[in-house]
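A.B. asks: sequence first, predicted model second:
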Amino acid sequence: MSESRPSFLLVDGNNIIHAWPDLLKRHRTFPGSAHRVLIQALSDYRDWSEDRVVVVFDGLGETVDEERAGGGMQIFYTSGGLTADDVIERLAIKYAQTYHITVATDDRAEQDIVVGAGGEALSSAGLKEKIERANRDRDGWINQHRRR
């Protein structure tokens, strides 16, 4: 398949936080801090990859709130009436034929909906490896091009 379509990585933020032991521990110790750590890891990944990154967290407000982080990363906090799953599934269904969509979550039902819409699913472990691989590639490139 030709990858001429722009790529989007949609991340179910709370699902990933609860799947990664280091983030879950941080979340239980300092509520809210795991969000910042995950956003930073995704931002670093975004800086090195060609993927556009959208992370969606379950929220408690009246409306869906959006933030834009540096480098074109989008962060959504859902309203009390919507879950992150709802938002991610709607985005995947709407855009999977136009863009290359990959959704990072361990939620099997969400994965099935995304794949059925024409997107790809990535587990929390797969996301961690994708981020670590990008970090290794970046570090290798920096070391190779560092002036001695």
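C.D. replies: Looks like it came in fine.
A.B. asks: confirm that Gly81 sits in a helix.
C.D. replies: No: applying DSSP: H, G, I helix; E, B strand; the rest coil, one finds Gly81 to be coil, outside a helix.
A.B. asks: okay, now it: neighbour count?
C.D. replies: Here the number of neighbours of Gly81 (other Cβ atoms under 10 Å) works out to 10. In short, each C-beta sits where N, CA and C put it, glycine included.
A.B. asks: repeat for the one 4 residues further on
C.D. replies: When neighbours are defined as other Cβ under 10 Å, Asp85 has 20 of them.
A.B. asks: state the number of residues packed around Asn135.
C.D. replies: Neighbourhood size, Asn135 [other Cβ under 10 Å]: 14.
A.B. asks: ok, now how distant is the nearest residue to Ser7 once chain neighbours are set aside from Tyr77?
C.D. replies: Distances taken as Cβ to Cβ, 6 or more residues apart in numbering put His100 closest to Ser7, at 4.3 Å, once the chain neighbours are dropped. Applying Cβ to Cβ, to the nearest Å, the value for His100 to Tyr77 is 25 Å.
A.B. asks: next: Arg108.
C.D. replies: Distance, Arg108 to Tyr77, using Cβ to Cβ: 24 Å.
A.B. asks: who has more neighbours, those two?
C.D. replies: Taking other Cβ under 10 Å, Arg108 and Tyr77 do not tie; Tyr77 has more neighbours (20 against 10).
A.B. asks: any weak-confidence spans in this protein?
C.D. replies: For the chain, the stretches with pLDDT under 70 are 1-3, 60-71, 147-148.
A.B. asks: please name the nearest non-neighbouring residue to Arg138.
C.D. replies: Distances taken as Cβ to Cβ, 6+ apart put Trp48 closest to Arg138, at 4.6 Å, once the chain neighbours are dropped.
A.B. asks: what residues are up against the one you found?
C.D. replies: The contact partners of Trp48, taken as Cβ atoms under 8 Å, 6 or more residues apart in numbering, are Ala134, Asn135, Asp137, Arg138.
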